[in-house]
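S.K.: Have a look; sequence and predicted model below, questions after that.
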Amino acid sequence: MLKVGIIRCQQTEDMCPGNTDFKVAKEGKFAFEEMGPVEIVGFVSCGGCSGKKAVTRAKLMVERGAEAIAFASCITKGNPIGFSCPHYSSIKEAVIKKVGIDIKIIEWTH
């Protein structure tokens, strides 16, 4: 079972407890459909705008066993408020640079 660390938007934490992320991961649905059920080994926020803390948090999750980093749909699709992260491209590039190309990047959750 693939071990996944999820990074979510700090600004949507009070609107979304993340339960849908856990549910679709456990059931292997939506972004996890190709992989089947996955195990969430970390669930952290980006640290707030501009998301710089996401880089070190992603690295920490990899050091603790994550084989993939998923960016929650609140970051990439703007769920639940319809406003995606304006810093996403920079965050994603910095995370890839920090964790390496062998770590799978999943660009959404549900």
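M.R.: Great, that's in hand.
S.K.: show me what contacts the nearest residue to residue 2 once chain neighbours are set aside?
M.R.: Sequence neighbours aside, residue 38 is the residue nearest to residue 2 in space, at 4.6 Å (criterion: C-beta to C-beta, 6 or more residues apart in numbering). In short, each C-beta sits where N, CA and C put it, glycine included. Shown in contact with residue 38 (C-beta atoms under 8 Å, 6 or more residues apart in numbering): 1-4, 25-26, 28, 32, 68.
S.K.: Against residue 77, how distant is residue 20?
M.R.: Distance, residue 20 to residue 77, using C-beta to C-beta, to the nearest Å: 12 Å.
S.K.: And residue 52, by the same measure?
M.R.: Taken as C-beta to C-beta, the span from residue 52 to residue 77 is 21 Å.
S.K.: Equivalent analysis for residue 63, please.
M.R.: From residue 63 over to residue 77 (counting by C-beta to C-beta), the distance is 28 Å.
S.K.: all helices for the chain, in order.
M.R.: 19-27, 53-63, 73-76, 88-99 (DSSP state H).
S.K.: between the ones you listed, which one is nearest to residue 8?
M.R.: Of all the helices of the chain, helix 73-76 sits nearest to residue 8, with 5.6 Å by C-beta to C-beta.
S.K.: Using CSV, list the CA coordinates for the closest one.
M.R.: Provided in CSV are the C-alpha atoms of helix 73-76 (Å, rounded to 0.1, in the frame of the first residue of the first chain):
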residue,chain,number,x,y,z
SER,A,73,-7.9,19.8,-3.5
CYS,A,74,-8.3,22.9,-1.3
ILE,A,75,-4.9,24.0,-2.7
THR,A,76,-5.2,22.9,-6.3
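S.K.: That one - contacts with which helices or strands?
M.R.: On a contact count with 3 or more C-beta pairs under 8 Å, 6 or more residues apart in numbering; DSSP states H and E, helix 73-76 meets strand 3-8, helix 88-99.
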